[in-house]
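> Whatever this is, show me its structure:
(one chain, ligands or ions: 1)
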Amino acid sequence: MIVDSKTDYMESIDIIKKYPKEKRFTLAILQDIQKQYGFIPKPVMFYISEYLNEPISSIYSMATFYKALSLKPKGKNIIKVCNGTACHIRGSNSILDELINILKINAGETTKDGLFSIEIVNCLGACALAPVMVINDKYYGSMTKEKIENIINNYRRQSYESNE
Ligand code: FES
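Down below sits the predicted model:
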């Protein structure tokens, strides 16, 4: 069994055992794990595989198939940049470029301090506000690249204050 150098996630076994030992519960277990850790740690996939008596490859393919599940840890703040048609036409690329420039990460990555992840998503259902960016559950409409630094700094500030 592969075990992460920092933790073996043994407490995840309690989550897994809440479900009957049936393959049809794989996705529900993975969703609970995602909720608990913010991603699906590798050791936990082995625990699920053992518990359900399913090959690790089938757990892995399910974990990679669903967009809501992630194999990499995500940041405390998830920034979603809409790249649907309306947002694209109104300049979502420049929003993304500015975020990449400020946070020094690409889409799909997380900052080293664990504060931010960037994701590119399809229409967020707020086309009238295009271009749209969402941080966690908060919508930022009519975005311009000039607004971004302030917004990011606010989240940084909040995070530092909550750690004091
Ligand atoms: S295209 Fe971005 S919200 Fe619809």
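
> got a list of contacts for the helix or strand harbouring residue 58?
With the criterion set as DSSP states H and E, the secondary-structure element containing residue 58 is helix 56-65. In this structure, residues lying in contact with helix 56-65 by C-beta atoms under 8 Å, 6 or more residues apart in numbering are 26, 27, 30, 40, 45, 46, 48, 49, 52, 69, 71. Bear in mind the C-beta positions are built from the backbone N, C-alpha and C, glycine included.

> try 6 Å
Counting by C-beta atoms under 6 Å, 6 or more residues apart in numbering, the neighbours of helix 56-65 from elsewhere in the structure are 26, 30, 40, 45, 48, 49, 69.

> Give me the subset of those residues that also touch the ligand.
Contacts with the ligand are made by none of the contacts of helix 56-65, judged by C-beta under 6 Å from any ligand atom.

> most neighbours, which of these?
Per-residue neighbour counts (other C-beta atoms under 10 Å) across those peak at residue 40, which has 28 neighbours.

> quick one: contacts for that one?
Shown here is residue 40, whose contacts under the criterion C-beta under 6 Å, 6+ apart are 33, 63, 69, 71.

> From residue 49, how far out is the second one?
Which is residue 63. For residue 63, the distance to residue 49 (C-beta to C-beta, to the nearest Å) stands at 11 Å.

> If I look at the residue lying closest to residue 55 once chain neighbours are set aside, what pLDDT would I see?
Counting by C-beta to C-beta, 6 or more residues apart in numbering, the nearest residue to residue 55 once its immediate chain neighbours are dropped is residue 49, at 6.6 Å. Reading off the confidence values, residue 49 has pLDDT 97.
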